[in-house]
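Visitor: Okay, here's the prediction I keep looking at, along with the sequence it came from:
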Amino acid sequence: MPVVAILSQKGGVGKTTVCLGLAEAARLRGWRTLVVDLDPQANATDVLLDHPPELTVNDVLADGRPGVAAQAVVPSSWGDGLDVLPSEQALEHRNREGSGASATRLRSALGTLRENYDVVLIDCPPSIGELTVNALTAADRAVTVTEPGFFALRGAEQALQAITVVRDATNLSLRTGGIIVNRYRRNVREHNQRVQELRAAYPDLVLRPLLPERSAVAVAHGSGLPIQRLRNRQANDISAAFDELIRAVSGIRESGQTGQKGVR
Ligand SMILES: Nc1ncnc2c1ncn2[C@@H]1O[C@H](COP(=O)(O)OP(=O)(O)O)[C@@H](O)[C@H]1O
Ligand SMILES: [Mg+2]
């Protein structure tokens, strides 16, 4: 039951897209999956739920009792096997400096809930503030998302630094789950240069495959559907990429390779 935090201090690089794509890939494999939406923008919540949630992770963190997160978890509208701990805008106050939020609050609120799942994915806000520190403290692995642009290397460096700081401070078992490169376009020279740079700096960390830029992503989000459900060539190759990445990111090796369990 690995808990995987998905982070980057930059907005708009695809954290939520990656979190949702990996979540559906896990669900389609028959893995019991939980998405924890820790971003006050609540983008993942909006896509995964077709109704406003009664309780959110904001209530959960305010309460703070061990295991209280279970009370706010609801089934997603995508189908069996995928639950959500939703977010809301009011969560923003926990990301301000001096909010007094303790780093271990999310970990404690999740308590033994994680044991109900094969994988837990945490969608982080676009900053390395209090909320992301809470995610990293609750996680076993931290995955960084980046675009193959000018700031990719610097961004990855900062995220890896944050992971090290949290590991030393509050979570000795935290591991780096790798770097996911999103919105890659094969025929753009700049993209290839940036990927090369990243691979040179972090030979073991840049995960394969690279996630391609696909307009199907926005179409899927706009209709509240997983990208995996759009059956066209564009959607198919990014879906296949998510299926490979969920194995890399979760570290789960299935014995006997039964393949997808078909819970569509
Ligand atoms: N691989 C992709 N191809 C095309 N559009 C993408 C891709 N990944 C993300 N996007 C788009 O980029 C925007 C930001 O993505 P999002 O996942 O919300 O980023 P973040 O969570 O890091 O802020 C969204 O409009 C999304 O549809
Ligand atoms: Mg997001």
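Guide: Great, that's in hand. Ligands and ions are numbered 1, 2, ... in the order given.

Visitor: The residue of the chain most remote from its centre and residue 208, how far apart?
Guide: Residue farthest from the centre of the chain, counting by Cα atoms, centre = their mean, is residue 189 at 27.9 Å. According to Cβ to Cβ, to the nearest Å, residue 189 and residue 208 sit 20 Å apart. Glycine gets a C-beta too; all of them are placed from N, C-alpha and C.

Visitor: repeat for residue 42
Guide: From residue 42 over to residue 208 the distance is 31 Å, taken as Cβ to Cβ.

Visitor: Likewise for residue 110?
Guide: In this view, residue 110 and residue 208 are 30 Å apart by Cβ to Cβ.

Visitor: ditto for residue 143
Guide: The spacing between residue 143 and residue 208, counted by Cβ to Cβ, is 13 Å.

Visitor: between residue 110 and residue 208, who's got more neighbours?
Guide: residue 110 (25 against 11; other Cβ atoms under 10 Å).

Visitor: Leaving out chain neighbours, which residue sits closest to that one?
Guide: Spatial nearest neighbour of residue 110, excluding adjacent residues (Cβ to Cβ, 6 or more residues apart in numbering): residue 69 at 4.9 Å.

Visitor: Count the residues that sit near that neighbour.
Guide: Residue 69 sits with 26 neighbouring residues when counted by other Cβ under 10 Å.

Visitor: and it, what does it touch?
Guide: 36, 57, 60, 85, 106, 109, 110, 111, 113 (Cβ atoms under 8 Å, 6 or more residues apart in numbering).

Visitor: Can you pull out the low-pLDDT segments for the stretch 51-200 of the chain?
Guide: 97-101 (pLDDT under 70).

Visitor: mind running it again at 90?
Guide: Residues of the stretch 51-200 of the chain that meet the criterion pLDDT under 90 lie in 94-102, 150-153.

Visitor: in it, which spans are helices?
Guide: 57-63, 105-110, 130-138, 152-169, 189-201 (DSSP state H, counting those that start in this stretch).

Visitor: Redo those as a markdown table? Include distance to residue 31.
Guide: Output for the helices of the stretch 51-200 of the chain, formatted as a markdown table (distance: least, Cβ to Cβ, whole Å):
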| stretch | distance to residue 31 |
| --- | --- |
| helix 57-63 | 21 |
| helix 105-110 | 17 |
| helix 130-138 | 19 |
| helix 152-169 | 24 |
| helix 189-201 | 28 |
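
Visitor: which bits of the stretch 1-150 of the chain sit near ligand 2?
Guide: Residues of the stretch 1-150 of the chain found near ligand 2 (Cβ under 5 Å from the ion) are 15, 16, 43.

Visitor: out of those residues, who's nearest residue 226?
Guide: Taking Cβ to Cβ as the measure, residue 226 lies nearest residue 16 of those, at 12.6 Å.
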